[in-house]
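Sharing a model prediction with you, sequence too.
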2 protein chains.
Amino acid sequence: METRSTSGGQRRGGRGARERILQAAATLFYEEGIHATGVARLVETAGVSTRTFYQHFPTKTALVEEYLRGYEAGLARRIEQKLTREGLTPRDQLLALFTMVAEASSGPAGGPSNRGCPLHNAAVEAAGQMPDIRALVQGNKEGIIRQLTDIAAQAGAADPERLGRQLAVLLEGATAMSTSLDSSRPRQDALDAARLLIELSLPKPQPTP
Amino acid sequence: METRSTSGGQRRGGRGARERILQAAATLFYEEGIHATGVARLVETAGVSTRTFYQHFPTKTALVEEYLRGYEAGLARRIEQKLTREGLTPRDQLLALFTMVAEASSGPAGGPSNRGCPLHNAAVEAAGQMPDIRALVQGNKEGIIRQLTDIAAQAGAADPERLGRQLAVLLEGATAMSTSLDSSRPRQDALDAARLLIELSLPKPQPTP
DNA sequence: CAAGAAGTATAGCGATCACTTTACTTTGGC
DNA sequence: GCCAAAGTAAAGTGATCGCTATACTTCTTG
């Protein structure tokens, strides 16, 4: 048994209040919004006392940040898995990112609704305030653009930066329009459009050189 | 009894408290968010007493709806003006919609910030609740898609519905990514991408038939 | 001028917000 | 079996929420 007497990290004992809080946050913040979700509702859903909540998170904002970092990490992991599956060509890697958001809810876990990207939503809700959250979202989106640009370069795009930024706009539009329309269709439309843009910006794949 | 013996419309007298409230709402809801803007802040900014506020709007939500309808109307008017200017071809009309959001803040008045589309933002903030607002946003976006589809059809697109929906996703992505990145660049990227998609989906314009 | 609509100022309503405090119980390794 | 960490329950903090109530002051106009 791992009585983590060794490495630092979680204390022994406890029955995972922290994880339950983060799980509740992921669900409620995403489904009902951050401002609309009060601490009372969070602790009720997590099955945790208010005291325990504040022993794990100094403020609600701290929980929001950890919720976003958790989503970011999970997303990065899912992308990594998708891309490193048996040798996809760079071109197919680009498309794989679009099929990812097209065929699944873009949210955490298996959320069924069209609630868009948690990071973008947080940026909208943060508005002028909460500079840390704005910075976190901004950094993430810049990372997405960089990733797309890198793959576009590997695919041999004439202007990989341009293609990367264009695809990023399509990706953001897919989830945002899904929210506005409350429909999953825009995510499919984005995939279609991405196919065209990629086709247009990449050199023709030689069938047999 | 109501003495308005003459024509309906604005009442005589009064010094425009209602307009000031709507103006304050447009600024504050857009710049700082709907949930984050309290009634106290609104009446302070509008230079209006709380009493007067509630004589014009039964609830804050009612003001939100009128704010959104007002934005919607202004947007429709701006689009109308852009499109009916001296004979633009349908193809150029499509592009004109993208230059509109590319070269200006997409918000109301001359707002300088990258705060995205007020309607989409409201949908994000409304989350699960506020079904009236969700419906309003949804209706507007469907209208945008219809408008794009109509113009695409006039331009002779092979599949105008498809092009219309793809361009709508690009448009939504432009403003949404502007929010997430806090930059105006995505709106330019969307214009670039739209050019390509339009070029690809429309028959070649015959220089001299 | 009188009337009345439109406005102001301000106090207060109950509810909810994020957060704290006090007092007690469970749990698990030594 | 002891003890400290991790947990629970529940009352209470002040602040702010959306909204109402009371009382008074302009303005415009028939």
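Structure received. Numbering: from 1, shown residues only, chains lettered A, B, ... in the order given.

make it CA atoms for all contacts and neighbour counts henceforth
Will do.

Flag the shaky bits of chain A, pLDDT-wise.
A:1-14, A:105-112, A:205-209 (pLDDT under 70).

now whichever residue of it sits closest to chain B, nearest residue through space, not along the chain?
Of all residues in chain A, the one sitting closest to chain B is A:Gly173 (3.2 Å; C-alpha to the nearest C-alpha). Distances taken as C-alpha to C-alpha, 6 or more residues apart in numbering or on different chains put B:Gly173 closest to A:Gly173, at 3.2 Å, once the chain neighbours are dropped.

circling back: please list all residues in contact with the residue of chain A closest to chain B.
A:186, A:190, B:169-174, B:176-177 (C-alpha atoms under 8 Å, 6 or more residues apart in numbering or on different chains).

Summarise which helices and strands the host helix or strand of A:Ile133 is packed against.
Using DSSP states H and E, A:Ile133 sits within helix A:131-154. Counting by 3 or more C-alpha pairs under 8 Å, 6 or more residues apart in numbering or on different chains; DSSP states H and E, the packing neighbours recorded for helix A:131-154 are helix A:90-103, helix A:118-126, helix A:160-181, helix B:160-181.

would you turn the ones you listed into TSV with distance to DNA strand D?
Shown next, in TSV, are the helices and strands packed on helix A:131-154 (distance: least, C-alpha to the nearest atom of the strand, whole Å):
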stretch	distance to DNA strand D
helix A:90-103	34
helix A:118-126	14
helix A:160-181	23
helix B:160-181	23
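
circling back: ranking the contacts of A:Gly173 by neighbours, who comes first?
B:Leu170 (34 neighbours; other C-alpha atoms under 10 Å in any protein chain shown).

Might one say that that residue is in contact with A:Ala168?
No: using C-alpha atoms under 8 Å, B:Leu170 is not in contact with A:Ala168; the gap is 10.0 Å.

joint contacts of those two?
Joint contacts of B:Leu170 and A:Ala168 (C-alpha under 8 Å, 6+ apart) do not exist.

how about the nearest residue to A:Arg18, chain neighbours excluded?
A:His56 is the one closest to A:Arg18 (C-alpha to C-alpha, 6+ apart), at 6.5 Å.

okay, now the domains of chain A?
A:16-57, A:66-201 (automatic domain parsing).

just those domains: most buried one?
Neighbour counts (mean count of other C-alpha atoms under 10 Å in any protein chain shown) averaged over each of the domains of chain A peak at domain A:66-201, with a mean of 20.

what's the first-to-last distance across that domain?
38 Å (C-alpha to C-alpha, to the nearest Å).

looking at it, A:Gln121 is touching B:Val124, isn't it?
Quick fix: residue A:121 is Asn, not Gln. Yes: here A:Asn121 reaches B:Val124: they are 6.3 Å apart, a contact under C-alpha under 8 Å.

follow-up on the earlier one: put together a markdown table for the domains of chain A, with distance to B:Leu88 on each row.
Formatted as a markdown table, the domains of chain A follow (distance: least, C-alpha to C-alpha, whole Å):
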| stretch | distance to B:Leu88 |
| --- | --- |
| domain A:16-57 | 42 |
| domain A:66-201 | 25 |
